[in-house]
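**Student:** what follows is a predicted structure for the sequence shown.
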Amino acid sequence: MIGGMLEEVETENLFMLEAQKEPHTIDDYTIQQVMDVYTEQQDVLWVYREQLSRWKQENPAPKQLKELTRLEQQVDEIDQYLTDILAIADEIKDKTIDRILGKSDTE
């Protein structure tokens, strides 16, 4: 699950970096979905951390310990990607196509 989640957030981060360059190509609904989904994902990362910590306390074999450490590093990477994604979404939420079309001619 952790590996799949990492791949997903890496891909979403690339999408958001592109959207950051041209925020007018994104609509309000998409930005809100990004914020909702990735905030929720970030809020449950503690579950992965807690489970990995518990497994480490069970005196795993060296190979298992190495894998647990790798998974902990992946959770940290996921957390960083989620933080970056949410920061970009917050930055561009007022620059979406919906916001641009909603402005008056003088704005």
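**Tutor:** Received it, and whenever you're ready, just let me know what you need.
**Student:** how about the helices in the protein?
**Tutor:** For the chain, helices defined by DSSP state H occupy the ranges 2-21, 28-43, 45-56, 62-92, 97-101.
**Student:** center of the protein - which residue?
**Tutor:** With the centre of the chain defined as its mean C-alpha position, the nearest residue by C-alpha atoms, centre = their mean is L82, 2.4 Å away.
**Student:** ok, so what distance separates it from M5?
**Tutor:** Spatial separation of L82 from M5 under the definition C-beta to C-beta, to the nearest Å is 9 Å. Quick note: C-beta positions are derived from backbone N, CA and C, even for glycine.
**Student:** now for the two: what residues contact both?
**Tutor:** Q41 (C-beta atoms under 8 Å, 6 or more residues apart in numbering).
**Student:** returning to what we had before: make a markdown table from the helices of the chain and add mean pLDDT to it.
**Tutor:** Converted to a markdown table, those look like this (pLDDT from 0 to 100):
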| stretch | mean pLDDT |
| --- | --- |
| helix 2-21 | 96 |
| helix 28-43 | 95 |
| helix 45-56 | 97 |
| helix 62-92 | 97 |
| helix 97-101 | 65 |
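**Student:** for the spatially closest residue to D84 that is not a sequence neighbour, grab the count of nearby residues.
**Tutor:** Spatially, and ignoring its direct neighbours in sequence, D84 is nearest to N13 (5.8 Å; C-beta to C-beta, 6 or more residues apart in numbering). Residues within reach of N13, counting by other C-beta atoms under 10 Å, total 17.
**Student:** do the one 5 residues further on as well
**Tutor:** Other residues near E18 come to 12 when the count uses other C-beta under 10 Å.
**Student:** and L65, by the same measure?
**Tutor:** 13.
**Student:** just list the residues touching it, thanks.
**Tutor:** Shown here is L65, whose contacts under the criterion C-beta under 8 Å, 6+ apart are K56.
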